[in-house]
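Peer 1: Kindly generate the corresponding structure for this input.
(2 chains)
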Amino acid sequence: MKERIREILEEALPLVDLDSDFLFRELDSLGVATILMKLSEEYSIKLDAKDATPKNLKSLDSLEAMVKSKLEK
Amino acid sequence: MRLVDYLHQNARLYPDKTAAICGGEKISYKELSKKVLERSSSYKSGQVVPFKSSQSIDFLITYFAIHQAGGVAAPLEGDIPENRFGEISEILSASIVPDGTADILYTTGTTGKSKGVMISHKTIIADAENLIEGQGFSHDLLFIISGPLNHIGSLSKIFPVTMQGATLYILEGMKDLDKFFQALDYPAAKAATFFVPATIRMLLMFSGDRLAKYADKIDFIESGAAPLAHSDMLKLCEVLPKTRLYNTYASTETGIISTYNFNDGQCIPGCLGKPMSHSRIIITPEGKISCTGDTLMSGYVNDPDLTASVLKDNTIYTSDIGELDERGRLNLKGRETDVINVGGFKVSPSEVEDAAMSFPGLKDCICIGVPHPITGMALKLIVELENSRRLDKSSLAKYLKGKLELYKVPLLYEQSSAIKRTFNGKLDRKFYNSQKI
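Peer 2: Residues are numbered from 1 along each chain as shown, chains lettered A, B, ... in the order given. Now for the predicted structure:
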């Protein structure tokens, strides 16, 4: 799943360094919204602003964990 | 009186009132006034001072201190590449600006390429009075600014807030929506803000329910810089039934001209309201919007020819197409220009193409606007490479980031075997725009 997330985000956000040790810092508001939108679409999950925390958006690993926890619900 | 004089006046009238809040830091009118006076000794009268803008109280101190000293403030993008900052600083240091100039604001604006718009102290006061009268900025208001302070959309809100002795709450963008809601929680009788349409779309998409909880506190929200989708206008009216919701006609060149509260039961798309007290709108025989009044720029810095092409007889001739309805309200019908509006930021495609042409291995390219679910429009760069090379999107995007302000860097890239040009060698924009790629 992590590689698929990488693929989607590389296409949507070409300027963002997805391997940054703190991904959230790399993003602007459009970047955050794009991540929420793309992951909601891809995995048919409901994400809202409360999910857009620096902790959830810290790295590709934390994004994967967030998607997995939503899928379990 | 200049805006900075109102600041000092308010420091005398309401010394302990909070003037601004930013990232856990607070400053009263008295302290702000004192810091402005202290810092003003760093600047000289008539000096044009370029500086990188930041979302901070320090921005306010620098901005007002330059005015206090009789200088001209030229706030540039916070993320402007160093070489571009150097280039602009060099041009500005050799510039002659008219007396009474307060600011030079860089914009893509009406005619395409990036240029410095000169704004006078008189313009700032007229903009402030227009907004106070037209939208109801009051002394007990908390105004939340999330957009870049060097852009007229956000900068112009400092004008009425300072004049009224109200409070500014400065946010660093809207990526952390929690921080916006924290700002709304700040103890104040009422709050207001300015959003570009992309931010409204984002809030409605991801936080509509939470926004609705502040229906009693949000006095008004202004949107501008790009058209707000009618579906978003209707939804916002539903979420905030008591809030005044304004669509405004404004630009760096014209100043703040007219505004329309679309939460009036009619919610007319494209309506931008009646001109405010310092402004007048005339529709030219060709159907284009022209504006007169005290809010107009004094001209483009160092470019009398370009100035003369849009500013004649104290009237600015825009490339926007519009009509005045039977009640004298402006209705925007479109724009006759190549400029692409990306979520409220105007980008000239030729500036992006010029920057991309020096990318190693790039033979030709065209920048177009394509629909985007959040920003309305996004930039797409279609490129032709030499010797059947493969495009590395990320390298090209990073290369452009080193040459352009961030909002001018395209989000989407596509490789093409040949870029279509017209018979006389010009890029065939009509062809690409009609393809809706």
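
Peer 1: Would you map the helices across the stretch 51-200 of chain B?
Peer 2: All helices of the stretch 51-200 of chain B, identified by DSSP state H, counting those that start in this stretch, fall at B:57-68, B:82-93, B:121-135, B:152-164, B:177-185, B:197-212.

Peer 1: Please work out which of those helices is packed deepest.
Peer 2: Mean neighbour count, computed with mean count of other C-beta atoms under 10 Å in any protein chain shown, is highest for helix B:152-164 among the helices of the stretch 51-200 of chain B, reaching a mean of 24. Quick note: C-beta positions are derived from backbone N, CA and C, even for glycine.

Peer 1: Which elements pack onto that helix?
Peer 2: helix B:3-13, strand B:101-107, helix B:121-135, strand B:141-145, strand B:167-170, strand B:190-195, strand B:244-251, strand B:255-261 (3 or more C-beta pairs under 8 Å, 6 or more residues apart in numbering or on different chains; DSSP states H and E).

Peer 1: by contact count, what packs against the shortest one?
Peer 2: In other words, strand B:167-170. strand B:18-22, helix B:57-68, strand B:141-145, helix B:152-164.

Peer 1: Listing partners with orientation, what would you give for it?
Peer 2: strand B:18-22 (parallel), strand B:141-145 (parallel) (DSSP bridges).

Peer 1: before we move on, which element is residue B:32 in?
Peer 2: Assigned by DSSP states H and E, residue B:32 falls within helix B:29-39.

Peer 1: Could the C-alpha coordinates of that helix be exported in PDB?
Peer 2: Taking C-alpha atoms only, helix B:29-39 is exported to PDB below (Å, rounded to 0.1, in the frame of the first residue of the first chain):
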ATOM      1  CA  TYR B  29      -1.400  49.000  19.900                       C
ATOM      2  CA  LYS B  30       0.900  50.800  22.300                       C
ATOM      3  CA  GLU B  31       3.700  48.200  21.800                       C
ATOM      4  CA  LEU B  32       3.200  48.100  18.100                       C
ATOM      5  CA  SER B  33       3.400  51.800  17.800                       C
ATOM      6  CA  LYS B  34       6.600  51.900  19.900                       C
ATOM      7  CA  LYS B  35       8.300  49.200  17.900                       C
ATOM      8  CA  VAL B  36       7.400  50.900  14.600                       C
ATOM      9  CA  LEU B  37       8.900  54.200  15.800                       C
ATOM     10  CA  GLU B  38      12.100  52.400  17.000                       C
ATOM     11  CA  ARG B  39      12.500  50.500  13.700                       C
END
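
Peer 1: residues of that helix that come out buried?
Peer 2: B:29-37, B:39 (16 or more other C-beta atoms under 10 Å in any protein chain shown).

Peer 1: same for the lowest-mean-pLDDT helix or strand in chain A, what does it pack against?
Peer 2: Of all helical and strand segments in chain A, the minimum by mean pLDDT, DSSP states H and E falls on helix A:23-26, at a mean of 85. In terms of contacts (3+ C-beta pairs under 8 Å, 6+ apart), helix A:23-26 is packed against helix A:60-72.

Peer 1: Figure out how far the helix it packs on is from the centre of its chain.
Peer 2: Relative to its parent chain, helix A:60-72 has a centroid offset of 9 Å by C-alpha atoms, centre = their mean, to the nearest Å.

Peer 1: Buried ones in that helix, by neighbour count?
Peer 2: Buried-residue list, helix A:60-72, by 16+ other C-beta under 10 Å: A:60, A:62-67, A:70.

Peer 1: who are the neighbours in contact with residue B:188?
Peer 2: If a contact means C-beta atoms under 8 Å, 6 or more residues apart in numbering or on different chains, then residue B:188 has B:140-142, B:167, B:217 as its contacts.

Peer 1: and residue B:368, backbone torsions?
Peer 2: The phi/psi pair for residue B:368 (degrees, to the nearest 10) reads phi -130, psi 170.

Peer 1: And it, what's its pLDDT?
Peer 2: Residue B:368 is assigned a pLDDT of 93 by the prediction.

Peer 1: Specify which member of the contacts of residue B:188 is nearest to residue B:430.
Peer 2: residue B:141 (46.1 Å; C-beta to C-beta).

Peer 1: The closest one touches residue B:191, doesn't it?
Peer 2: Yes - assessed by C-beta atoms under 8 Å, residue B:141 is found in contact with residue B:191 at 7.2 Å.

Peer 1: what is in contact with those two at once?
Peer 2: Residues touching both residue B:141 and residue B:191 (C-beta under 8 Å, 6+ apart): residue B:219.

Peer 1: which of the contacts of residue B:188 count as buried?
Peer 2: By 16+ other C-beta under 10 Å, the contacts of residue B:188 give B:141-142, B:167, B:217 as buried.

Peer 1: got those as JSON lines, with pLDDT columns?
Peer 2: Listed next are the buried ones among the contacts of residue B:188 as JSON lines, based on pLDDT from 0 to 100:
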{"residue": "B:141", "pLDDT": "98"}
{"residue": "B:142", "pLDDT": "98"}
{"residue": "B:167", "pLDDT": "98"}
{"residue": "B:217", "pLDDT": "97"}
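
Peer 1: Could you identify the pair within those residues that is furthest apart?
Peer 2: B:167 and B:217 (13.8 Å).

Peer 1: can you list the residues of chain A near chain B?
Peer 2: A:10, A:12-15, A:24, A:27-34, A:36-37, A:47-50, A:52-54 (C-beta under 8 Å from any C-beta of the partner chain).

Peer 1: what's the distance between residue B:359 and residue B:392?
Peer 2: The spacing between residue B:359 and residue B:392, counted by C-beta to C-beta, to the nearest Å, is 10 Å.

Peer 1: Neighbour count for those two, which is higher?
Peer 2: Under the criterion of other C-beta atoms under 10 Å in any protein chain shown, the comparison of residue B:359 against residue B:392 puts residue B:359 first, with 18 against 15.

Peer 1: And the more buried one, how far from residue B:2?
Peer 2: 45 Å.

Peer 1: now do residue B:30
Peer 2: Relative to residue B:2, and taking C-beta to C-beta, residue B:30 is found at 19 Å.

Peer 1: And residue B:358, by the same measure?
Peer 2: Relative to residue B:2, and taking C-beta to C-beta, residue B:358 is found at 43 Å.

Peer 1: same question, residue B:25
Peer 2: 26 Å.

Peer 1: ok, back up a step: which one of the buried ones among the contacts of residue B:188 is nearest chain A?
Peer 2: residue B:217 (18.1 Å; C-beta to the nearest C-beta).

Peer 1: and residue B:369, helix, strand or coil?
Peer 2: strand (DSSP: H, G, I helix; E, B strand; the rest coil).

Peer 1: Wait, a helix at residue B:328?
Peer 2: No - checked against three-state DSSP, residue B:328 lies outside a helix; its state is coil.

Peer 1: wait, isn't it in contact with residue B:276?
Peer 2: No - the pair residue B:328 and residue B:276 fails to qualify as a contact (C-beta under 8 Å) at a distance of 12.0 Å.

Peer 1: Now the common contact residues for these two.
Peer 2: Common neighbours of residue B:328 and residue B:276 (C-beta under 8 Å, 6+ apart) do not exist.

Peer 1: Neighbour count: those two, which is higher?
Peer 2: Legend: neighbour count by other C-beta under 10 Å for residue B:328 and residue B:276, higher for residue B:276 (26 against 11).

Peer 1: residues touching the more buried one, list them.
Peer 2: Residues in contact with residue B:276 (C-beta under 8 Å, 6+ apart) are B:130-131, B:133-134, B:256-259.

Peer 1: How about the contacts made by the residue of chain B positioned farthest from its centre?
Peer 2: Ranked by distance from the centre of chain B (C-alpha atoms, centre = their mean), the top residue is residue B:387, with 41.3 Å. If a contact means C-beta under 8 Å, 6+ apart, then residue B:387 has residue B:361 as its contacts.

Peer 1: That one - that's part of a helix, no?
Peer 2: Yes - Residue B:387: assigned to a helix according to three-state DSSP.
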